[in-house]
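>>> Dropping the sequence and predicted coords here.
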Amino acid sequence: MKVIKFGGSSLASSSQLQKVLAIVEADDQRKYVIVSAPGKRFDGDTKVTDLLIQYARQTIHHQDTTAISTAICDRYAEIGHGFNVPAAQLEPIFATIRDLPKQEYADNSYLMAAFKAHGERLNAQLVAAVFQQSGLNARYLDPHDAGMVVTDVPDDAQIIDSSYDRLAKWADSDQILVIPGFFAYNRNGQICTFSRGGSDITGAIVARGVHAERYENFTDVDAIYAVNPSLVPQPAAITEMTFREMRELSYAGFSVFHDEALIPAIQGNITVNVKNTNHPEAPGTLIKSTRQPNPDYPVTGIASSSSFCSLYLRKYLLNKEVGLGRKILTILENHHISYEHMPSGIDDLTIIFDEHQLNPDLEQTLIDEISAAIHPDEIHFNHDYSILMLVGENMRNRVGIMSRAATALADHNIKLIMVNQGASEISIMFGIHDRDADQAVIALYNEFFQTAKLMAEN
Ligand SMILES: Nc1ncnc2c1ncn2[C@@H]1O[C@H](COP(=O)(O)OP(=O)(O)O)[C@@H](O)[C@H]1O
Ligand SMILES: N[C@@H](CC(=O)OP(=O)(O)O)C(=O)O
């Protein structure tokens, strides 16, 4: 049995859904179909999830929502009309969209979560109707009925482990189950979503729950490439990579697959196959527990992400002060803030955060409270901060990778603000300025892929 997830780009229009239908029909092992909300049809288009976010904001601010709700209905109408779905089946979808503001929500964060989740929920209902009309034995399965219960964080929920036993009851389904991605319910029955891009997470959870042999993740690229293809034309395609490699790369910017989706796949040891809806015969990329090393390429992938910021603090004799780390971490904990990394020196400490957790007021509060607690000689936030990651299982036993990387970056005059090697055996992390990020990825790609290619050819 396979779990198969289609991203927003694969479901953006009726012509894309035709391809999805053909893919599902082509393999009777594809029994669990996870769907995202309709995504972008062309460059500059808006994803339905983003339209729903606008709709939620206008509702919260008591603005006129006629235009935005019509725009959302139109996206479902185009898909439904493309398959001649009867009005009797489309009308409840439109009514649900129009009635979203009339429902009761505990507060605005649950309102936002419920609005966003309807992108997936209504699309899964529509896709199930299209499948049935095309003769497939398919039905919609709501995350509630599937048994998926998540933590009570409306926009960044985590699956609760007991969900897996309930999901197991759906194993070996005869029917094709069409399940919306991206959301589930907390213990009070309220909708909470995963973080953005989280339909990948639903797919991995269902794959683990029903003990799938494979999790196929269909998107709009032929493979996961060694670098983001928007930076380098036709970069090297990765045919196989390990879970650990992909987790580090997706965390640092490979948006093609959500980093949190790897955890259920690892726990269930389920091979993930990233494939292209527009080119399903291409083998795509396999993500699995182990892989064959290729000695010519010590590096598997290079990623960068600007969604980080750092808090720098200097205090003389920082290394001698007992309890300093605890005082800082307690302040962060009191504000429900997690940190990503914390490299330290003799007198200096840098704490790297996911920028989305912070805002100017909170930053000032943190500076004030940390200053009162430890009296630093210098303390400030730095937002011009990107993380650059060089990842590869083969780096583990190789000498000189750091030297090659640092030289390639220096040759392009790229300043290193932070270097972190050692915490992970399979990656090197650099902190650099945002403005250098793209050039840094290209410089490292040329060093580790173009040079290796030339050597292999000669
Ligand atoms: N290393 C990479 N390899 C392939 N695609 C990547 C990579 N890094 C970023 N991407 C981007 O990820 C996109 C696919 O992810 P996403 O937009 O979330 O698709 P979907 O709509 O299927 O969920 C690709 O179109 C590409 O622009
Ligand atoms: N629709 C949600 C969840 C998701 O996973 O979407 P996509 O598969 O289009 O990345 C989002 O935009 O965040």
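It's in. Numbering: from 1, shown residues only. Ligands and ions are numbered 1, 2, ... in the order given.
>>> Spell out which residues of this protein are next to ligand 2.
Residues of the chain lying close to ligand 2 by CB under 6 Å from any ligand atom are 7-8, 36-37, 39, 47, 49, 119, 181-182, 196-200. (C-beta placed from N, C-alpha, C; glycine too.)
>>> Please, which helix or strand holds residue 367?
For residue 367, the host element (DSSP states H and E) is helix 360-374.
>>> Now do the buried residues in that helix.
Neighbour counts over helix 360-374 (16 or more other CB atoms under 10 Å) mark 363, 366, 367, 369, 370, 374 as buried.
>>> just to revisit the earlier point, helices - which of the residues of the chain next to ligand 2 land there?
Taking DSSP state H, the ones among these that sit in helices are 49, 119, 199, 200.
>>> Pull out the buried residues from stretch 376-395.
In stretch 376-395, the ones that count as buried by 16+ other CB under 10 Å are 376, 379, 381, 385-395.
>>> Now the residue of the stretch 201-350 of the chain found nearest ligand 2. Nearest residue, chain neighbours left out?
In the stretch 201-350 of the chain, no residue comes nearer to ligand 2 than residue 258, which is 7.0 Å away by CB to the nearest ligand atom. Nearest non-adjacent residue to residue 258, counting by CB to CB, 6 or more residues apart in numbering: residue 200, 3.9 Å away.
>>> And that neighbour, how close does it get to ligand 1?
Distance of residue 200 to ligand 1, given as CB to the nearest ligand atom, to the nearest Å: 7 Å.
>>> I'd say that residue and residue 219 touch.
No - Residue 200 lies out of contact with residue 219 (CB atoms under 8 Å); the separation is 9.3 Å.
>>> Mind listing the shared neighbours of those two?
Counting by CB atoms under 8 Å, 6 or more residues apart in numbering, the shared contacts of residue 200 and residue 219 are residue 7.
>>> Tell me which of those two has more neighbours.
Taking neighbours as other CB atoms under 10 Å, residue 200 and residue 219 compare with residue 200 leading, 29 against 24.
>>> residues near the residue of the stretch 301-450 of the chain found nearest ligand 2, how many?
Residue of the stretch 301-450 of the chain nearest ligand 2, by CB to the nearest ligand atom: residue 356 (13.3 Å). For residue 356, the neighbour count with other CB under 10 Å is 13.
>>> Distance-wise, check the closest residue to ligand 2 within the chain relative to ligand 1.
Nearest residue of the chain to ligand 2 (CB to the nearest ligand atom) works out as residue 8 at 2.6 Å. From residue 8 across to ligand 1, the span is 4 Å (CB to the nearest ligand atom).
>>> Can you tell me the closest non-neighbouring residue to residue 246?
Spatial nearest neighbour of residue 246, excluding adjacent residues (CB to CB, 6+ apart): residue 287 at 4.8 Å.
>>> Return the per-residue confidence for the one you found.
Per-residue confidence at residue 287 stands at 98 (pLDDT).
>>> I figured it was touching residue 242, is that so?
Yes - the criterion here is CB under 8 Å, and residue 287 meets it with residue 242 at 7.3 Å.
>>> More neighbours: which of these two?
residue 287 (29 against 21).
>>> Get me the contact residues on the stretch 101-250 of the chain for ligand 1.
197, 219, 220, 221, 224, 225, 227, 228, 229, 230.
>>> Report how many residues lie close to the residue of the stretch 201-350 of the chain closest to ligand 2.
Neighbour count of residue 258, defined by other CB under 10 Å: 23.
>>> Contact partners for it?
Listed by CB under 8 Å, 6+ apart, the contact set of residue 258 reads 194, 195, 197, 198, 200, 201, 250.
>>> Could you dump those residues into CSV with pLDDT and distance to residue 267 added?
Output for those, formatted as CSV (pLDDT from 0 to 100; distance: CB to CB, whole Å):
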residue, pLDDT, distance to residue 267
194, 98, 16
195, 96, 19
197, 97, 20
198, 98, 17
200, 98, 15
201, 98, 13
250, 94, 16
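>>> coming back round to it: any chance of a PyMOL selection covering the buried ones in the ones in helices among the residues of the chain next to ligand 2?
Entered in PyMOL, the line below selects the buried ones among these, by 16+ other CB under 10 Å:
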select buried, resi 49+119+199+200
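>>> from the ones in helices among the residues of the chain next to ligand 2, which two are the most distant?
119 and 200 (14.8 Å; CB to CB).
>>> Other residues contacting stretch 433-442?
With contact meaning CB under 8 Å, 6+ apart, stretch 433-442 is reached by 227-228, 231-232, 302-304, 306, 384-386, 388, 409, 412, 414-415, 417, 430, 432.
>>> Report the rounded mean pLDDT for it.
The model assigns stretch 433-442 a mean pLDDT of 96.
>>> That one and ligand 1, any residue contact?
No - figure legend: stretch 433-442 not in contact with ligand 1 (CB under 6 Å from any ligand atom); closest approach 9.9 Å.
>>> For the residue of the stretch 301-450 of the chain closest to ligand 2, give its distance to residue 254.
Per CB to CB, to the nearest Å, residue 356 is found 18 Å from residue 254.
>>> same deal with residue 370?
33 Å.
>>> Let me see the confidence value for residue 292.
With respect to pLDDT, residue 292 scores 85.
>>> re earlier: the closest residue to the residue of the stretch 301-450 of the chain closest to ligand 2 other than its chain neighbours: neighbouring residues, count only.
Distances taken as CB to CB, 6+ apart place residue 307 nearest to residue 356, at 6.5 Å, with adjacent residues excluded. Residue neighbour count, defined by other CB under 10 Å, stands at 14 for residue 307.
>>> quick one: contacts for residue 307?
By CB under 8 Å, 6+ apart, the neighbours of residue 307 are 354, 355, 356.
>>> Nearest to residue 20 among those residues?
For the contacts of residue 307, the nearest to residue 20 is residue 356 (31.1 Å; CB to CB).
>>> So what does the closest one have for phi and psi?
Note on residue 356: its backbone torsions stand at phi -70, psi -20 [degrees, to the nearest 10].
>>> any idea how far residue 272 is from the residue nearest to residue 258?
With CB to CB as the criterion, residue 200 and residue 272 are 9 Å apart.
>>> shared neighbours of these two, which are they?
Contacts common to residue 200 and residue 272, judged by CB under 8 Å, 6+ apart, are 217, 257, 261.
>>> Can you list the low-confidence ranges for the stretch 151-300 of the chain?
Applying pLDDT under 70 to the stretch 151-300 of the chain picks out no residues at all.
>>> where exactly do the strands run in the stretch 1-150 of the chain?
2-6, 30-35, 138-140 (DSSP state E, counting those that start in this stretch).
>>> Would the longest one count as contacting ligand 1?
This means strand 30-35. No - applying CB under 6 Å from any ligand atom, one finds strand 30-35 out of contact with ligand 1, separated by at least 10.6 Å.
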